[in-house]
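Participant: Pasting a predicted model and its sequence here:
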Amino acid sequence: MTDLSTTYLGLNLKNPLVASASPLSKKLDKARKLEEAGISAIVMYSLFEEQILHETLELDHYLTRGTESFAEALTYLPDGGMYAVSPEKYLTQLTAMKKALSIPVIGSLNGVSKGGWTSYAKKIQDAGADALELNLYYLVADPNLKSEDVEAAQADLVAEVRAAISIPLAVKISPFVTALPNFAKRLVDAGANGLVLFNRFYQPDFDLDELDIIHNLDLSTSSDLRLPLRWISILYGKVNADFALTSGVHTGKDVIKAMMAGAKVAMTASNLLHRGEQAVGPILSELEEWMKEREYVSIQQMQGSMSQKNVREPAAFERANYMKVLSSWRELP
């Protein structure tokens, strides 16, 4: 019998397909349907640092109204209309999901700076989360801000969150880091049990008629798998962490590639947003059928088998491959 089970952050999962953070986790009925379809764990939608700070500053504003004692901070953050979910409502939803589901539920915090808001990591733990995913989504736009300072601040943030909780901690990072292996190691040294590769930066577009910025969500495709696939293949065996691959997981073969690179789980959101729970069954069926055809008896058997340390040509993951790819192109007749 084919064994699809895996472990991630110390959690025993029935298969490696995990629902990553998305609006689907805002509704209990959607979460139940995902569980029934075969999803092995769910990452909650993110609670943002700005949401927590906004609520705190709003309270301070009413307590100190007229003093202008905190004017700069009060005007720095957007108004409450930007955030439909309060921190307390988030915790309530998390508790409800834990009661309704039998699969692990992973909380999600999105932030970039140290501060009192990180106390919500402990509140997420107390609400019943089986683990916490800290999303370091931050676009550096200040030309005076040095990369080493950004990385040091993020490592310090991980250490602060780690000190606040006892449940497993995963850190979701960006690919836009100069020395990614070293940064990954720093995060693990700071207390991360797992690394999620990668968060996606949603790019704005221009509306040339209205001369305005367009904010839209472009869902991923399987081609987006290549970036995290490459880096997990490189990091596997070098950084002592559980790896989760996210971005571009749409098929059973995408999951297989993630496992062979060295990931413990493959996370999907775009496919679920597009097709709902109907997307889950075909992915798992394709995964199991492929394993049976090639006589793989377990997920563990394939994990890391195509990582840099296990392939005949390790340089294929590095610069040597650059020239080969360019030289492989042939102009169509």
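Facilitator: Everything's here; your move.
Participant: How many residues are close by residue 223?
Facilitator: Counted with other Cβ atoms under 10 Å, residues neighbouring residue 223 total 10. Using the backbone N, CA and C atoms, a C-beta is placed for each residue, glycine as well.
Participant: Might you report the residue contacts of it?
Facilitator: The contact partners of residue 223, taken as Cβ atoms under 8 Å, 6 or more residues apart in numbering, are residue 248.
Participant: Now do it, the pLDDT please.
Facilitator: pLDDT recorded at residue 223 is 88.
Participant: Name the next helix or strand downstream of the particular helix or strand that has residue 171 in it, please.
Facilitator: Following DSSP states H and E, the helix or strand that holds residue 171 is strand 169-173. Sequence order places helix 180-189 as the next helix or strand after strand 169-173, per DSSP H and E.
Participant: List the buried residues of that next one.
Facilitator: Across helix 180-189, burial judged by 16 or more other Cβ atoms under 10 Å covers 180, 183-188.
Participant: Surely residue 193 and residue 165 touch.
Facilitator: No. Counting by Cβ atoms under 8 Å, residue 193 does not reach residue 165; the two are 10.8 Å apart.
Participant: mean confidence for stretch 28-45?
Facilitator: Mean predicted lDDT for stretch 28-45 stands at 97.
Participant: So that it lines up with my notes, have the first residue be 776 from now on.
Facilitator: All set: I'll call the first residue 776, so the last point we hit is now stretch 803-820.
Participant: Adding distance to residue 992 and pLDDT, write the buried residues of helix 955-964 out as JSON lines.
Facilitator: Shown next, in JSON lines, are the buried residues of helix 955-964 (distance: Cβ to Cβ, whole Å; pLDDT from 0 to 100):
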{"residue": "955", "distance to residue 992": "26", "pLDDT": "96"}
{"residue": "958", "distance to residue 992": "27", "pLDDT": "97"}
{"residue": "959", "distance to residue 992": "27", "pLDDT": "98"}
{"residue": "960", "distance to residue 992": "32", "pLDDT": "98"}
{"residue": "961", "distance to residue 992": "31", "pLDDT": "98"}
{"residue": "962", "distance to residue 992": "27", "pLDDT": "98"}
{"residue": "963", "distance to residue 992": "31", "pLDDT": "98"}
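Participant: would JSON lines of the residues you listed with distance to residue 1026 be doable?
Facilitator: Listed next are these as JSON lines, based on distance: Cβ to Cβ, whole Å:
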{"residue": "955", "distance to residue 1026": "26"}
{"residue": "958", "distance to residue 1026": "30"}
{"residue": "959", "distance to residue 1026": "27"}
{"residue": "960", "distance to residue 1026": "32"}
{"residue": "961", "distance to residue 1026": "34"}
{"residue": "962", "distance to residue 1026": "30"}
{"residue": "963", "distance to residue 1026": "30"}
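Participant: and of those, the nearest to residue 920?
Facilitator: Nearest to residue 920 among the buried residues of helix 955-964: residue 958, at 15.5 Å, using Cβ to Cβ.
Participant: isn't that closest one right up against residue 926?
Facilitator: Yes. Residue 958 lies in contact with residue 926 (Cβ under 8 Å); the separation is 5.5 Å.
Participant: Now do the helix ranked longest in the chain: everything it contacts.
Facilitator: Identified as the longest helix of the chain according to DSSP state H is helix 922-939. For helix 922-939, contacts defined as Cβ under 8 Å, 6+ apart pick out 884, 886-889, 893-894, 896-897, 907, 909, 911, 913, 915, 944, 946, 952-953, 958, 961-962, 964-967.
Participant: any weak-confidence spans in this structure?
Facilitator: 830-860, 1094-1102, 1104-1108 (pLDDT under 70).
Participant: Strands along that one, start to end?
Facilitator: Under the criterion DSSP state E, strands of the chain are mapped to 781-783, 786-788, 792-794, 816-818, 822-823, 880-885, 906-910, 944-948, 969-972, 980-982, 987-989, 1017-1021, 1040-1043.
Participant: In ChimeraX, select just the buried ones from the contacts of helix 922-939.
Facilitator: Command for ChimeraX, covering only those of those found buried under the criterion 16+ other Cβ under 10 Å:
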select :884,886,887,893,896,897,907,909,911,913,944,946,952,958,961,962,965,966,967
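Participant: Could you give the number of residues near residue 881?
Facilitator: Neighbourhood size, residue 881 [other Cβ under 10 Å]: 30.
Participant: now residue 1056
Facilitator: Neighbour count for residue 1056, taken as other Cβ under 10 Å: 11.
Participant: Check residue 1062 too.
Facilitator: Per other Cβ under 10 Å, the neighbour tally for residue 1062 reads 25.
Participant: Now do stretch 976-994: distance from first to last residue.
Facilitator: Using Cα to Cα, to the nearest Å, one end of stretch 976-994 lies 12 Å from the other.
Participant: related to what we said a few turns ago, so what sits against both of residue 958 and residue 926?
Facilitator: Common neighbours of residue 958 and residue 926 are listed as residue 952 (criterion: Cβ under 8 Å, 6+ apart).
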